[in-house]
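**Q** sequence-free structure coming up:
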């Protein structure tokens, strides 16, 4: 199964395509879709939609996983990123992909075994789990790969215990 993990953001949306093979987890592609701050807001959202849609057409994932937003203080930032997240969800839905949301705590737990893991710990584990030579850059891409891995772990666990998704 090929999974697209998405770490939503307005300036930078991370993406990571990960599949599970008999040999383990395999990285297919990762990176970021970026928008420029000087670009009008609606055009930035449109660029995110087009960028994700192009990636979906190119790689044809079976499912997608998106990190839920977590903001404790800055409501303005949360609203802007929430709109970018909505555009990402629209691109995934338009492609007919089943989408699962994961809170940051669940992603950290699935990757490191500890919900309080810091960013460096998660990036190091992503590198190890995917047998990469270096930590994926930029951070948003590493986060998206973590979301995809989280989903694959969740699917595997659900199939082992026989629960429906």
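**A** That came in fine, so what should we check first? No experiment lies behind these values; they were computed from the predicted model shown.
**Q** and the helices in the protein?
**A** 41-59, 75-94, 104-112, 119-129, 139-161 (DSSP state H).
**Q** nearest to residue 67, of these?
**A** helix 139-161 (4.9 Å; Cβ to Cβ). Heads up, the C-betas are built off the backbone N, CA and C, glycines and all.
**Q** quick check: buried residues in the closest one?
**A** For helix 139-161, the neighbour count (16 or more other Cβ atoms under 10 Å) marks 139-155 as buried.
**Q** stretch 33-40 too?
**A** Buried residues in stretch 33-40 (16+ other Cβ under 10 Å): 33-35.
**Q** among these, which one sits closest to residue 54?
**A** Nearest to residue 54 out of the buried residues of stretch 33-40 is residue 33 (Cβ to Cβ; 8.9 Å).
**Q** excluding residues flanking it in the chain, which one is nearest that closest one?
**A** residue 51 (3.5 Å; Cβ to Cβ, 6 or more residues apart in numbering).
**Q** which one of the helices of the chain lies closest to residue 20?
**A** Using Cβ to Cβ, the helices of the chain put helix 139-161 closest to residue 20, at 5.1 Å.
**Q** still on that earlier bit, and the helices of the chain as JSON lines, adding mean pLDDT?
**A** Formatted as JSON lines, those follow (pLDDT from 0 to 100):
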{"stretch": "helix 41-59", "mean pLDDT": "98"}
{"stretch": "helix 75-94", "mean pLDDT": "93"}
{"stretch": "helix 104-112", "mean pLDDT": "94"}
{"stretch": "helix 119-129", "mean pLDDT": "95"}
{"stretch": "helix 139-161", "mean pLDDT": "92"}
